[in-house]
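Colleague: Turn this into a structure:
(one chain, ligands or ions: 1)
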Amino acid sequence: MANPGEVKVYGMPASANAAGPTILAMESGAGGPEMCNLMAGEHMKPEFLAINPYHQIPSLVDGDLKIGESSAILRYLARAYSPKVYPADDLKECARIDFAMDAFSNVYKGHMKTVYITLGFASAAEGVDQAAENKAYIEQADMWLTNHVGSKTFVGGDMPNLADYKAVPFLFSAIQPANKAVIGLEMSAKVVAYVEAFCTKVGAAAFLSSAGGYSLKEYAASKMPAGEAAPAFDEAADLKKKQEDAARKAEEAAAAEEARNKKAQELEASGKKVSGGMHKFDSSEVDIHGGDSTADDLMDAFGF
Ligand SMILES: N[C@@H](CCC(=O)N[C@@H](CS)C(=O)NCC(=O)O)C(=O)O
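Modeller: Numbers count the residues shown, from 1 in each chain. Okay, the predicted model is just below:
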């Protein structure tokens, strides 16, 4: 039954529904992502419908097993390849995990009316009060965290369990800067901390940030309004910006000096003596007793 390394999770990197199962498949060594391009209609092809007649991602293939539905896929992956995130022998713990996973549907409802609008997966209904939708979503997410994470780091305590794999991709997309820029949505600090803790603990969560330009993070960044760069730190871009800033400052300084020199020449030509400059001040050049330049002339020449 189990084929470690062979499992295929069909999806698209920007799908939060598909991301949880994909990350668990990668983290557990079960397998990894398999592209099903919804935009190209691949989910409607007979070969995909043979995997999932409901034509949805995520879908999973493991040998002769073909199933859809993210929660069913997560449970199967856990039982077959990562029992620690869903300890089948501990009925009560599994019941708590199931409760958290199913209760996340309350958060998902708000997610579709907020984050999906930012990402262009849904459009806002006519006359909708977006601020009110945002508020309701923030409250649902916070309530879910309060009820299922509480004072712990994850639903699973110190280590993520299956409910964390289910929830994090949605909340990860909710904290992308494009949400603030497009619909004014800003999640609470505890959502940010929860997502960051998961990304630190689970190596395969890097799939959320980098997937050939199509990850949730990269896709959300592509929705930033023109001229508003996402504040994610990019070393190469940062260096380039510093170099450009330095070059611009040098150009400005050179232009300012040229202007000062020109002004000084004009003043000297008119019989007034002015020397020195802010950057090369030499007191011996300033004749405080002689000459007929005024303090104003001096300030003027220095560019003040
Ligand atoms: N209840 C499903 C929802 C999955 C879902 O909504 N998938 C979307 C993409 S995120 C999809 O495949 N849409 C294409 C379609 O329904 O034809 C699950 O949890 O897996």
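
Colleague: all contacts plus neighbour counts: C-alpha atoms, from now on.
Modeller: OK.

Colleague: how far does stretch 117-134 stretch from start to finish?
Modeller: This stretch, stretch 117-134, spans 11 Å end to end (C-alpha to C-alpha, to the nearest Å).

Colleague: What is the burial count for the closest residue to the ligand within the stretch 201-304 of the chain?
Modeller: The stretch 201-304 of the chain approaches the ligand most closely through L216 (11.7 Å), counting by C-alpha to the nearest ligand atom. By the criterion of other C-alpha atoms under 10 Å, L216 has 27 neighbours.

Colleague: which SS class is the closest residue to it other than its chain neighbours?
Modeller: Leaving aside its sequence neighbours, L216 sits nearest to A14 (C-alpha to C-alpha, 6 or more residues apart in numbering; 4.3 Å). Under DSSP: H, G, I helix; E, B strand; the rest coil, A14 falls in the coil class.

Colleague: And A14, its phi and psi?
Modeller: Phi and psi for A14, reported as degrees, to the nearest 10, are phi -80, psi 0.

Colleague: Verify the contact between it and S215 for me.
Modeller: Yes: contact criterion C-alpha atoms under 8 Å: A14 and S215 qualify, at 5.2 Å.

Colleague: can you list residues touching both of the two?
Modeller: L208 (C-alpha atoms under 8 Å, 6 or more residues apart in numbering).

Colleague: Would you mind measuring from the spatially closest residue to G29 that is not a sequence neighbour to V61?
Modeller: In this structure, G29 finds its nearest non-sequential neighbour in G5, 5.6 Å apart by C-alpha to C-alpha, 6+ apart. According to C-alpha to C-alpha, G5 and V61 sit 12 Å apart.

Colleague: hmm, who's touching the one helix or strand E34 maps to?
Modeller: Taking DSSP states H and E as the definition, one finds E34 inside strand 31-35. Strand 31-35 is contacted from outside by 4-12, 22-23, 25-26, using C-alpha under 8 Å, 6+ apart.

Colleague: which ones among those residues come in contact with the ligand?
Modeller: Taking C-alpha under 6 Å from any ligand atom as the test, the ligand is in contact with none of the contacts of strand 31-35.

Colleague: Separate out the buried members of these.
Modeller: For the contacts of strand 31-35, a neighbour count by 16 or more other C-alpha atoms under 10 Å gives the buried set as 7-12, 22-23, 25-26.

Colleague: Can you pick out the most distant pair from those residues?
Modeller: With distances taken as C-alpha to C-alpha, the most widely separated pair in those is V7 and M12, at 15.7 Å.

Colleague: now, which of the buried ones among the contacts of strand 31-35 lie within helices?
Modeller: Members of the buried ones among the contacts of strand 31-35 lying in helices (criterion: DSSP state H): 22-23, 25-26.

Colleague: Number of residues surrounding T200?
Modeller: When counting by other C-alpha under 10 Å, one arrives at 11 neighbours for T200.

Colleague: Give the rounded mean pLDDT of the helix or strand hosting it.
Modeller: Secondary structure from DSSP H and E places T200 in helix 189-201. Averaging pLDDT along helix 189-201 yields 98.

Colleague: Off-centre distance for it?
Modeller: Here helix 189-201 is found 12 Å from its chain centre; the criterion is C-alpha atoms, centre = their mean, to the nearest Å.

Colleague: Now do it: which elements does it pack against?
Modeller: helix 130-148, helix 162-174 (3 or more C-alpha pairs under 8 Å, 6 or more residues apart in numbering; DSSP states H and E).

Colleague: most tightly surrounded among the ones you listed?
Modeller: Mean neighbours per residue, mean count of other C-alpha atoms under 10 Å, is largest over the helices and strands packed on helix 189-201 for helix 162-174, with a mean of 25.

Colleague: right, is it up against the ligand?
Modeller: No: judged by C-alpha under 6 Å from any ligand atom, helix 162-174 stays clear of the ligand, getting no closer than 9.2 Å.

Colleague: relative to helix 130-148, how tilted is that helix?
Modeller: For helix 162-174 against helix 130-148, the angle by axes from the mean of the first three to the mean of the last three C-alpha atoms, to 10 degrees is 160 degrees.
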